[in-house]
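Peer 1: my questions concern the predicted model and sequence given below.
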Amino acid sequence: MFFFPSSFGGREMMQYTEAASAAVEALYRGRRTSLSLRALYNKSVPLAKSPGQLSSASILENLLVHCAAAIAANDASRAQHCIWVLNNIAPPDGDPAQRLAAAILRALTARHAAAAAATPRAFSAVALAAFLDLTPLHRFGFTAANSAIVDAVQGLPVVHVVDFSTTHCMQMPTLIDALSSRREGPPYFKLTVATVTVLPPPRLAMSYEEIGRRLVDFARTRGVPMEFRALRSNAIDGFQALVEHLRLQQLVCHGEALVVNCQMKLHCVPERCRGEFLREVRRLNPKLVVLVEDDVDLGDGDLVTRLRAALNYLWVHYEASEAVMKRDREHRDWYEAEIYWKIENLLACEGTEKVERLEQKSKWVKRMKAVGFEGISFAEEAIAEVKTVLDEHATGWGMKMEEDGIVLTWKGHNVVFSTVWVPRLKGETSDYSP
């Protein structure tokens, strides 16, 4: 990627602005060369040697980086100059590359102006279900997890699932349905949900009390006796309140098969707390732990570093939305609004307000092994079910089998990983320290 040196000053900025203006004029006259998002934001793209040779594609990227650097340095004049040029090059209703650039620009502008964070849309239950079906981002993890859970608790009379997820129990009806059809009969099903103050989207216009009531009613229709509990707990301290509740409960409740289901939520736990949280989960001796997250490093570094990382990853979501929802503007806007929330949280927020602290699968695998877990493979039936889900979506989506789990891909690029874990037998050790 191109990096603007700190000495990039008046004359160079004037030349660069002239190049940007030429690109804007070319855009309006329809002379802009079409580039794929991957080429636009990939580090391997060759860069122009002088401002006059810059393409409109590299101008987008370079100006975003320069704008972020100016904002980080509190250089208001230079930041406003970049913002003005970018507003002309990156319309929010343009092609996928322009929409991504516009979203990043909006987040940078919010940071520059210290504006209040955007409020995500609150879905109805029906609309949320439709939203989750737009892409396999969530259903990929749901499907693999449910199959693994049903296998792990086969024959056990009491199943207690602790749900750390961001989709408001939308995974659970399918799991309840699967448990109801066990040969030995359904178990007594307990569901404990972690509710948090700062919750990444999607949002649901329904209380957890109502969610619990509906789930219990649904389970009753399937012949599954069910108990529901929602507990307020903060990701910022590693869900200490919920972990303490589970520890105390184990003193009086014996014979439960404990399953910890982590779907796109553990990245909200600060890095310094992740090892201790997982260590506490290991002490609970669960029957199974499911861990599903985005397979990317986005949380660390200064503003420019985070912006570069976002550009290298988030093109996937905009390209996928264009492929899947090109003629469905309403659903595309829903989807990209949720991605914007993540962009804004990553770039405009700091400290406890920043909850988008994503890490690659390799780091989570090392951490899980360090605290006493070992990964297990998904059964063939689980893999077949995931493939069936992917067949319902655009052809760009695929799956990779890896040693420590499975990975959802978009045109070969890693997007989301899904892994399952069991407590390691005593005597086995790991040489990694989280």
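Peer 2: Sure, I can see it. Numbers count the residues shown, from 1 in each chain.

Peer 1: next up, the contacts around residue 355.
Peer 2: Contacts for residue 355 (CB atoms under 8 Å, 6 or more residues apart in numbering) come out as 198, 200, 235, 267, 268, 345, 349. Heads up, the C-betas are built off the backbone N, CA and C, glycines and all.

Peer 1: I'd like the next helix or strand past whatever helix or strand residue 276 lives in.
Peer 2: In the assignment (DSSP states H and E), residue 276 maps to helix 271-283. Downstream of helix 271-283, the next assigned helix or strand under DSSP H and E is strand 288-294.

Peer 1: so what strands line up beside that next one?
Peer 2: strand 257-263 (parallel), strand 413-423 (antiparallel) (DSSP bridges).

Peer 1: would you format the ones you listed as TSV with mean pLDDT and distance to residue 339 included?
Peer 2: Below are those laid out as TSV (pLDDT from 0 to 100; distance: least, CB to CB, whole Å):
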stretch	mean pLDDT	distance to residue 339
strand 257-263	97	18
strand 413-423	97	12
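
Peer 1: residue 136 is nearest to which of those strands?
Peer 2: Closest approach to residue 136 among those (CB to CB): strand 413-423, 8.5 Å.

Peer 1: buried stuff in the closest one?
Peer 2: The neighbour-count check on strand 413-423 (16 or more other CB atoms under 10 Å) flags 413, 414, 415, 416, 417, 418, 419, 420, 421, 423 as buried.

Peer 1: could you do stretch 169-188 as well?
Peer 2: Using 16+ other CB under 10 Å as the test for burial, stretch 169-188 gives 169, 170, 171, 172, 175, 176, 179, 180, 186, 187.

Peer 1: stretch 336-347 now?
Peer 2: By neighbour count on 16+ other CB under 10 Å, the buried set for stretch 336-347 is 336, 338, 339, 340, 341, 342, 343, 344, 345, 346, 347.

Peer 1: and for stretch 300-316?
Peer 2: Result for stretch 300-316 [16+ other CB under 10 Å]: buried residues 303-304, 306-316.

Peer 1: now do stretch 382-391
Peer 2: 382, 383, 386, 389, 390.

Peer 1: over to stretch 272-285?
Peer 2: Using 16+ other CB under 10 Å as the test for burial, stretch 272-285 gives 274, 275, 276, 277, 278, 280, 281, 282, 284.

Peer 1: so who does the closest residue in space to residue 338 that isn't next to it in sequence touch?
Peer 2: Distance criterion CB to CB, 6 or more residues apart in numbering; nearest residue to residue 338, sequence neighbours excluded, is residue 201 at 4.5 Å. Contacts for residue 201 (CB under 8 Å, 6+ apart) come out as 120, 121, 166, 337, 338, 341, 342.

Peer 1: state the pair within those residues that is farthest apart.
Peer 2: 166 and 337 (15.0 Å).

Peer 1: before we move on, the earlier item: and which of the contacts of residue 201 is nearest to residue 219?
Peer 2: Using CB to CB, residue 166 is the member of these that lies nearest residue 219, at 21.9 Å.

Peer 1: I'd say that closest one and residue 266 touch.
Peer 2: No. The pair residue 166 / residue 266 is not scored as a contact, 10.5 Å apart, by CB atoms under 8 Å.

Peer 1: quick one, which of those two is more surrounded?
Peer 2: Taking neighbours as other CB atoms under 10 Å, residue 166 and residue 266 compare with residue 266 leading, 22 against 16.

Peer 1: that one and residue 70: what is the separation?
Peer 2: Noted for residue 266: a distance of 34 Å to residue 70, by CB to CB, to the nearest Å.

Peer 1: residue ranges with poor pLDDT in the stretch 251-400 of the chain?
Peer 2: When residues are selected by pLDDT under 70, those of the stretch 251-400 of the chain lie in 251-252.

Peer 1: how about the CA coordinates for stretch 305-318, as CSV?
Peer 2: Only the C-alpha atoms of stretch 305-318 are listed here, as CSV (Å, rounded to 0.1, in the frame of the first residue of the first chain):
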residue,chain,number,x,y,z
THR,A,305,-3.0,0.6,10.8
ARG,A,306,-6.6,-0.2,11.6
LEU,A,307,-7.8,1.6,8.4
ARG,A,308,-5.4,-0.4,6.3
ALA,A,309,-6.5,-3.7,7.9
ALA,A,310,-10.2,-2.7,7.3
LEU,A,311,-9.6,-2.0,3.7
ASN,A,312,-7.9,-5.4,3.2
TYR,A,313,-10.8,-7.3,4.7
LEU,A,314,-14.1,-5.4,4.4
TRP,A,315,-14.1,-5.4,0.6
VAL,A,316,-15.4,-9.0,1.0
HIS,A,317,-18.7,-7.8,2.5
TYR,A,318,-19.3,-5.1,0.0
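
Peer 1: look up how far residue 333 lies from residue 326.
Peer 2: Applying CB to CB, the value for residue 326 to residue 333 is 12 Å.

Peer 1: again with residue 390
Peer 2: According to CB to CB, residue 390 and residue 333 sit 24 Å apart.
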